[in-house]
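Visitor: here are the coordinates; sequence isn't available:
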């Protein structure tokens, strides 16, 4: 935790007249591994979108990897930031018609410029790097398979291989295991944690058993605000249950099963 | 707080079993009205001697001119009234000339269809970009483009051809322009659908690594749109090859000219030859384009 990777101060994100995110202060250091937990609509994805510059802050100070995102940053500023930010989503963030190798090479677009990147004629060293990345996630044999012919777990591994080629300083993982079975989820989390050894990792996780794999620090969001920000060791089931339980103020869903078993929400 | 059910939209009225029954009833009534009025006006007759005509035409069609000439008597003798031979014509040579003409006409038809299709595709591209809903072009421009495409689709190639022959004169140019203008409507609709079904996740994936707009276009938009563009191009092209065979009827040249000739001289054998060529050409192109489209999917 040498220097600050992310610094938020009095940040508020507003969409359609509703505050999606309202953060007083948040600092995340370089190399930290942070998990974000919270109910649906708590502002988790909004926070990640804010950090990658896809969601503007209505007001407040946003600083990511030394890039000032306060106000409306220029498109060029956002692009240089995104070159250093790797993102993983629920397995849908691939170009379906391109091969696994070409999808991995997308990670090198920040370094390869001009006509070569337009016709996807990548330099040999980038191709070698992509193949090495595919090898390390165990998918080299599927390098020429089109991404939309891969299984959910394989797609997620291709996305991780893309991270390895991109070599970002910050990795944002938005529910990387949402569409996977438990075995594949564990494997993908291991690979993700490995690939993030030299980077800051911020992941949105719903499954409590995967938390220790991906995080040392857990931030709980509730209705757009930070409910707790604790080391992983001090986070227990009771805190998570409280976090996922709807407020008395907000209208509850008349669903007797959910009310009888609040842990249900943790598993979804 | 009073709760009110949302009012039914127009489309909702036709949902459900009762609505479907109503629609079926309306359709049956329409068919009955068409049949009834035609019968009432005495327009449903089959002519005076349909069966004999059918047999006669069919037997003439069964003798395509080139086969007839090849296996029949090659020499056609022109005789005067007293029986002396005036001239002997080699029917095989005449037919060979005709077949050469047929080849040239087929090539003209192919050229009209190919160039017309390309013209239609190029004209449709900007209009499709304007009408694709997910690109959200300015409303007035989108409406204008949609109006142009809809009217191009509504007006038949032949109608375009008749008007254009009056403007640019007889010949393939009128045919190319007619094919281009009509198929522009079809292309526009297909292209717009291809753009609308664009995979936004793929675009986000490339944008999220900090790619420039050019890189996003060539790495995410182009790969997902191009196969669909090529596939619809082949489809409409194939359609236009069929369509352009008829353009000769209005003087745009090509196979249609031979069809008019043969029908007005009642040369059913020659018409049969022309039709065989058309069927062969269309099915060959159809098979080829189907292969390519399958490989692209």
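Guide: Received it, and whenever you're ready, just let me know what you need. What you are looking at is a predicted structure, and each value in this text was computed from that prediction instead of being measured.

Visitor: all strands of the chain, in order?
Guide: Using chain A here. A:4-15, A:18-29, A:33-38, A:59-64, A:67-68, A:85-88, A:170-174, A:200-204, A:217-222, A:225-231 (DSSP state E).

Visitor: Not quite, go with chain B.
Guide: Along chain B, the segments classed as strands by DSSP E run B:75-79, B:85-90.

Visitor: what angle do the longest one and strand B:75-79 make?
Guide: Angular relation of strand B:85-90 and strand B:75-79 on a 0 to 180 degree scale: 160 degrees, by axes from the mean of the first three to the mean of the last three C-alpha atoms, to 10 degrees.

Visitor: just how off-centre is stretch B:86-103 within its chain?
Guide: 32 Å (C-alpha atoms, centre = their mean, to the nearest Å).

Visitor: Give me the residues contacting that stretch.
Guide: The contact list for stretch B:86-103 (C-beta atoms under 8 Å, 6 or more residues apart in numbering or on different chains) reads B:65-66, B:69-70, B:72-80, B:255, B:258, B:270, B:273-274, B:277. Glycine gets a C-beta too; all of them are placed from N, C-alpha and C.

Visitor: do the same with stretch A:154-164
Guide: So stretch A:154-164 is in contact with A:86, A:88-89, A:91-94, A:100, A:103-104, A:106-107, A:130, A:132-134, A:136-139, A:142, A:147, A:150, A:171, A:176-177, A:179-180, A:184, A:188, A:191-192, A:195-196, B:209, going by C-beta under 8 Å, 6+ apart.

Visitor: Same question for stretch B:245-260.
Guide: Stretch B:245-260 is contacted from outside by B:101-102, B:105-106, B:108-109, B:112, B:157-158, B:161-162, B:165, B:170-172, B:174-175, B:178-179, B:244, B:270-271, B:274, B:277-278, using C-beta under 8 Å, 6+ apart.

Visitor: what about the residue nearest to residue A:224 when sequence neighbours are not counted, how many residues close to it?
Guide: Nearest non-adjacent residue to residue A:224, counting by C-beta to C-beta, 6 or more residues apart in numbering or on different chains: residue A:43, 4.1 Å away. Around residue A:43 there are 24 other residues, counting by other C-beta atoms under 10 Å in any protein chain shown.

Visitor: Kindly report the same for residue B:221.
Guide: Around residue B:221 there are 18 residues (other C-beta under 10 Å).

Visitor: pretty sure residue B:108 contacts residue B:171?
Guide: No: taking contacts as C-beta atoms under 8 Å, residue B:108 lies outside contact range of residue B:171: 9.4 Å.

Visitor: More neighbours: those two, which one.
Guide: Neighbour totals were compared for residue B:108 and residue B:171, and residue B:108 leads with 22 against 15 (other C-beta under 10 Å).

Visitor: any idea how far the more buried one is from chain A?
Guide: Relative to chain A, residue B:108 is positioned 37 Å away (C-beta to the nearest C-beta, to the nearest Å).

Visitor: list the contacts for residue B:156?
Guide: residue B:182.

Visitor: sorry, back to before: quick one, grab the pLDDT at the residue nearest to residue A:224.
Guide: Predicted confidence (pLDDT) for residue A:43: 86.

Visitor: does it really touch residue A:26, like I thought?
Guide: No: with contact defined as C-beta under 8 Å, residue A:43 does not reach residue A:26; the gap is 11.8 Å.
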